[in-house]
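Visitor: A predicted structure for the sequence below; I have some questions about it.
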Amino acid sequence: MPKRVLVVEDNDVNFALVEFVLGKLDVAVARAATGAQALDLAERDRPDLIYMDVHLPDVTGLELTRQLRLRPYMQGVPIVALTALAMAGDRERALDAGCTEYMSKPLSPRLLQETTARLLDLKAAAKP
Ligand code: MN
């Protein structure tokens, strides 16, 4: 069974990039475009890794992370914050909210792939 990655991202173009990059790895990708969808999908799919856009239509990604971390099954799941803002204090705010790591946009496909492989402990090399 491939590991499950939940991508919480409201922007179609940003999601398409993440989906394309993750498509080179042996993972199953699900998308949530709102906080409400993310809460439902996390419950149903029990993802192994979450990429979390900080700016969502209904809730901030950081508040959503706090809510997810209240669930016992979410305690050990890596959550990587994705933000367009690269302001002082952003990383600390993301980590304080319960994010495992922080990545700023524009996303680097290579970093995204390497981070996914590392956090999911994927042994297989990426497909070309
Ligand atoms: Mn967004």
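Guide: Perfect, I can see it now. Residues are numbered from 1 along each chain as shown.
Visitor: got the contact list for Gln113?
Guide: Taking CB atoms under 8 Å, 6 or more residues apart in numbering, we find Gln113 in contact with 21-22, 24-25, 126. In this view, the C-beta of every residue, glycine as well, is placed from N, C-alpha and C.
Visitor: just the buried ones from those?
Guide: 21-22, 24-25, 126 (16 or more other CB atoms under 10 Å).
Visitor: just these: which are in helices?
Guide: Applying DSSP state H to the buried ones among the contacts of Gln113, the entries found in helices are 21-22.
Visitor: picking that back up, which of the contacts of Gln113 has the weakest pLDDT?
Guide: When these are compared on pLDDT, Ala126 comes out lowest, with 59.
Visitor: state the mean pLDDT of stretch 99-111.
Guide: pLDDT averaged over stretch 99-111 gives 94.
Visitor: measure that stretch end to end?
Guide: 17 Å (CA to CA, to the nearest Å).
Visitor: ok, which stretches of the protein are strands?
Guide: Per DSSP state E, the chain carries strands over the ranges 3-8, 27-32, 49-53, 79-83, 101-104.
Visitor: can you tell me which of those strands is packed in deepest?
Guide: strand 49-53 (a mean of 26; mean count of other CB atoms under 10 Å).
Visitor: and the residue in the chain positioned nearest to the ion, how far is that from Leu107?
Guide: The ion sits closest to His55 of the chain, with a gap of 3.8 Å, by CB to the ion. Distance of His55 to Leu107, computed by CB to CB, to the nearest Å: 14 Å.
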